[in-house]
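A.B. asks: sequence first, predicted model second:
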Amino acid sequence: MSAGERERGILSEADRTYLRGETEYASVQSERNARARIRDRVYEGVRDFELLVEGLPAADRKLVFEKRVAQLDGAEAFDALVSAVAFLYLAVGDTDLEFERVLHEAVNVAEARSDRAATVDLDLTYHSLSVEELRHKLKRGEELSLTEIAYLHRSDDVGTDELARYFEDEAAELDDGRIQSKVTDF
């Protein structure tokens, strides 16, 4: 297995290359089939979490997260966990459930294993992101959040060379697709 490949999780290596935009299918139907397989595995994977919470021994969970995830560099581990929570946050938004209620119940299911309950308060304040506003913040010397930097990185209006100037870094170093990980080192 090469350095960029990993063992199969919810996604196969072929799924990963497709989602990264590195695969072109010979027909529209082949692509539809691949997307359907991914959807099916994500659906069944989410349903498996209940069994993992209830049946996977704490020692096994700790071997995954204290040992394996801890062996990743800090940015890679952070990105993986943030992305998992972000995916589930988006997924809850696709349902008629309220995220705060789901989060409250999730935390309490986890805490019940330690014979305790928790009060969960979530305060979300939304604001729009725009390239111009974020450029003004940078010019004023204000710090940007990881989300704001990732937004600029994805924007067609801002090149990596421009971002690199603000961070006194080389454009090539910012162009690896993992902007959130890069900025944790700034």
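C.D. replies: Looks like it came in fine. The model shown is predicted, which means the values in this text are computed figures rather than measured ones.
A.B. asks: roughly how far is the longest helix along the chain from the heart of the chain?
C.D. replies: Taking DSSP state H as the assignment, the helix of the chain that covers the most residues is helix 28-55. Centre-to-centre, helix 28-55 and its host chain are 17 Å apart (Cα atoms, centre = their mean, to the nearest Å).
A.B. asks: which helices and strands does it pack with?
C.D. replies: Contacts defined by 3 or more Cβ pairs under 8 Å, 6 or more residues apart in numbering; DSSP states H and E place helix 28-55 against helix 13-19. Using the backbone N, CA and C atoms, a C-beta is placed for each residue, glycine as well.
A.B. asks: report all helices and strands that the helix it packs on contacts.
C.D. replies: Packing partners of helix 13-19 (3+ Cβ pairs under 8 Å, 6+ apart): helix 28-55.
A.B. asks: tell me the buried residues in the helix it packs on?
C.D. replies: A34, I38, R41 (16 or more other Cβ atoms under 10 Å).
A.B. asks: the closest residue to F99 other than its chain neighbours: how many residues sit nearby?
C.D. replies: Nearest non-adjacent residue to F99, counting by Cβ to Cβ, 6 or more residues apart in numbering: V92, 4.8 Å away. Applying other Cβ atoms under 10 Å, we find 17 residues neighbouring V92.
A.B. asks: state the distance from V92 to L134.
C.D. replies: Taking Cβ to Cβ, to the nearest Å as the measure, V92 falls 27 Å from L134.
A.B. asks: any low-confidence regions in this protein?
C.D. replies: Residue ranges of the chain with pLDDT under 70: 1-4, 167-186.
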